[in-house]
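**Student:** here is a sequence with its predicted model. Questions after.
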Amino acid sequence: MAIVYLGIGTNEGDTERNVREAFEKIAAVPDTVILRRSGLYRTGPCGGPPQPDFLNGVIKVETGIGPRDMLDRLKSIEKEMGRRKAPRNYPRIIDIDILLFGDMVIDEQDLTIPHPRMHRRGFVLKGLEEIAPDVVHPVLNKTVRELYRDAGTDLSPERENKMKIVTALKDMTDIAARIKGRGERIGFVPTMGYLHEGHASLLRAAREECDQVVMSVFVNPMQFGQNEDLGKYPRDQERDRHVAEKERVDVIFVPSVPEMYPEGYGTYVDVKGTVAENLCGASRPGHFRGVATVVLKLVNIVQPDVVYLGQKDAQQAAVIKKMFSDLNVPARIRVMPIVREPDGLAMSSRNAYLSTEERDEAVLIHGALVAAREMVCSGECDSRKISEEMRRIMSSGGNIRVDYIGFVDRDTLEDTEKVEEGTLIAVAAFLGGTRLIDNVII
């Protein structure tokens with residue numbers, strides 16, 4: 001049997017009734033007994049849209065089921081009570097969190113124990129301190145009484161500080177160390193700036209899943225070839241700052257080139273094999289050497305728990321995954337879906353280069369990928385036939401110059417002639433001087 005502490009909150013409907021119903025349903029979980037309940041208290045919402053105050057409480061239970069089973073049963077209770085899927089910090093008819101499960105420490109994608117934010121939220125610690133002041137946090141090695149004292153008696157859960165903009169490497173490492181010292185999780189979104197909705201989707205995912213969100217803005221010269229667009233790559237610091245503030249980023253890290261690559265710099269990361277040498281690796285020699293090097297440097301500086309990448313840059317994500325695996329980088333990688341314009345064009349900072357006519361024709365790239373997927377769904381699995389149809393579609397506008405069409409394994413990027421479930425179909429093409437990439441996973 002394990003002693004478990006659960007936090008309960010509600011701010012929709014009859015909140016007192018919601019809490020009573022939640023207690024009853026938890027008491028009905030097999031092999032589970034409620035041992036003690038804290039008092040109930042109201043606190044302001046933790047960010048999100050304008051909404052009513054929450055009614056909060058903590059209960060102590062003894063259970064014979066495991067943490068995963070407990071999580072599933074609590075989610076079922078929330079669903080039975082009418083909880084709808086909504087972004088973090090939105091109103092909830094009921095919210096039931098596992099705070100502590102004995103002395104277990106679990107860090108999985110959908111289950112983190114102890115609860116990753118409990119130690120800095122007075123509105124959680126108040127009830128926990130009432131019923132279990134001497135219980136020790138198994139990661140921070142502090143009692144609940146000590147954590148409550150450190151958090152202060154203010155029950156407001158609002159963010160502590162406004163967004164920071166950091167340019168010095170040492171300042172960023174110091175901030176990261178303080179965050180990690182508090183036991184908080186860092187979500188990291190590396191970018192080259194000129195942010196669009198695709199970047200914003202990564203920031204929202206990080207905000208939803210982590211305590212602190214760090215975004216870097218660094219146009220990395222090492223990943224540009226000699227005749228590529230380093231000098232004209234779009235930049236707009238004010239726009240980037242506005243997007244970051246809107247998505248509630250905690251820290252923007254904006255290092256200079258000399259800060260990242262000081263005089264005498266001579267260390268590089270080369271990821272070998274088809275994952276880095278096929279597709280863009282063949283078209284842009286040295287590109288992924290620059291990508292791997294800068295990402296490893298940024299991860300060493302920021303010390304994230306989770307790194308958020310976009311599926312549009314599928315090969316870049318695969319290269320970084322391989323590097324993390326080979327070099328035992330402890331951070332997890334989350335690859336988020338491609339965000340598209342209403343007509344299907346994948347969002348990209350380089351779309352800003354396109355003329356009106358080129359922008360209209362660029363949608364043919366996505367159209368070719370859609371046609372490829374439809375062919376596979378209709379039973380066609382010969383990559384040569386699919387490639388021919390894709391080229392026909394892209395050439396119909398008269399100005400697209402195809403760099404490559406690839407049919408590869410989504411993880412290793414090894415070529416495949418037979419297209420099947422899990423195959424990555426990737427395209428790179430030029431419109432004028434602008435190189436665009438896109439992909440689809442079957």
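**Tutor:** Here it is on my side, so go on.

**Student:** and whichever strand or helix holds residue 387, what other elements does it pack with?
**Tutor:** Here residue 387, judged by DSSP states H and E, is contained in helix 383-395. When contacts are defined as 3 or more Cβ pairs under 8 Å, 6 or more residues apart in numbering; DSSP states H and E, helix 383-395 sits against helix 356-377, strand 400-409, strand 423-431. Quick note: C-beta positions are derived from backbone N, CA and C, even for glycine.

**Student:** try it again with 7 Å
**Tutor:** Contact partners of helix 383-395 among helices and strands, from 3 or more Cβ pairs under 7 Å, 6 or more residues apart in numbering; DSSP states H and E: helix 356-377, strand 400-409.

**Student:** now the ones you listed as JSON lines including mean pLDDT and distance to residue 181?
**Tutor:** Shown next, in JSON lines, are the helices and strands packed on helix 383-395 (pLDDT from 0 to 100; distance: least, Cβ to Cβ, whole Å):
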{"stretch": "helix 356-377", "mean pLDDT": "97", "distance to residue 181": "46"}
{"stretch": "strand 400-409", "mean pLDDT": "97", "distance to residue 181": "41"}
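
**Student:** residue 228: which of the ones you listed is closest?
**Tutor:** When the helices and strands packed on helix 383-395 are compared by Cβ to Cβ, strand 400-409 sits nearest residue 228, at 12.9 Å.

**Student:** may I have that closest one as PDB, with CA atoms only?
**Tutor:** The C-alpha trace of strand 400-409 is given here as PDB (Å, rounded to 0.1, in the frame of the first residue of the first chain):
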ATOM      1  CA  ILE A 400       9.300  25.500 -59.300                       C
ATOM      2  CA  ARG A 401      12.700  23.800 -59.600                       C
ATOM      3  CA  VAL A 402      12.700  20.600 -57.600                       C
ATOM      4  CA  ASP A 403      15.900  20.000 -55.500                       C
ATOM      5  CA  TYR A 404      14.700  16.600 -54.300                       C
ATOM      6  CA  ILE A 405      11.800  14.300 -53.600                       C
ATOM      7  CA  GLY A 406      12.700  11.800 -51.000                       C
ATOM      8  CA  PHE A 407      10.900   8.600 -49.700                       C
ATOM      9  CA  VAL A 408      12.700   7.600 -46.500                       C
ATOM     10  CA  ASP A 409      12.400   6.000 -43.100                       C
END
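
**Student:** buried ones in it?
**Tutor:** Neighbour-count burial for strand 400-409, counted by 16 or more other Cβ atoms under 10 Å, picks out 400, 402, 403, 405, 406, 407, 408, 409.

**Student:** quick one, helices of the stretch 101-250 of the chain?
**Tutor:** Secondary structure of the stretch 101-250 of the chain by DSSP state H, counting those that start in this stretch: the helices cover 122-131, 144-151, 169-181, 197-209, 237-246.

**Student:** what are the contacting residues of the second one?
**Tutor:** Defining contact as Cβ atoms under 7 Å, 6 or more residues apart in numbering, one finds that helix 144-151 is touched by 119-122, 125-126, 128-129, 132-135, 137.

**Student:** swap in the last one?
**Tutor:** Helix 237-246 has contacts (Cβ under 7 Å, 6+ apart) with 163, 193, 195, 199, 200, 215, 217, 252.

**Student:** not counting sequence-adjacent ones, nearest residue to the last one?
**Tutor:** Same thing as residue 252. Nearest non-adjacent residue to residue 252, counting by Cβ to Cβ, 6 or more residues apart in numbering: residue 165, 4.9 Å away.

**Student:** in this structure, where is pLDDT below threshold?
**Tutor:** Across the chain, the ranges flagged by pLDDT under 70 are 47-48, 152-161.

**Student:** as a quick check, tell me the outermost residue of it.
**Tutor:** Most distant from the centre of the chain: residue 398, at 38.3 Å, with distances by Cα atoms, centre = their mean.

**Student:** any idea what residue 63 is bridged to?
**Tutor:** According to DSSP bridges, the residues that bridge with residue 63 are residue 2, residue 32.

**Student:** residue 113 contacts residue 103, correct?
**Tutor:** No: counting by Cβ atoms under 7 Å, residue 113 does not reach residue 103; the two are 9.8 Å apart.

**Student:** more neighbours, those two?
**Tutor:** Counted by other Cβ atoms under 10 Å, residue 113 and residue 103 do not tie: residue 113 has more neighbours, with 23 against 14.

**Student:** now do that one against residue 236, distance only.
**Tutor:** As judged by Cβ to Cβ, to the nearest Å, residue 113 and residue 236 stand 42 Å apart.

**Student:** and residue 77, by the same measure?
**Tutor:** Distance from residue 77 to residue 236, by Cβ to Cβ: 47 Å.

**Student:** pull out the buried residues from stretch 235-250.
**Tutor:** By neighbour count on 16+ other Cβ under 10 Å, the buried set for stretch 235-250 is 240, 241, 243, 244, 247, 249, 250.

**Student:** ok, and the closest non-adjacent residue to the last one?
**Tutor:** In space, not counting the residues next to it along the chain, residue 250 is nearest to residue 212; the distance is 4.7 Å by Cβ to Cβ, 6+ apart.

**Student:** and among the helices of the stretch 101-250 of the chain, the most buried is which?
**Tutor:** Neighbour counts (mean count of other Cβ atoms under 10 Å) averaged over each of the helices of the stretch 101-250 of the chain peak at helix 122-131, with a mean of 22.

**Student:** what about residue 76, which helix or strand?
**Tutor:** Taking DSSP H and E as the definition, residue 76 sits inside helix 67-80.

**Student:** what number of residues lie near the closest residue to residue 52 other than its chain neighbours?
**Tutor:** Once flanking residues are discounted, residue 52 sits nearest to residue 11: 4.7 Å by Cβ to Cβ, 6+ apart. For residue 11, the count of nearby residues is 22 (other Cβ under 10 Å).
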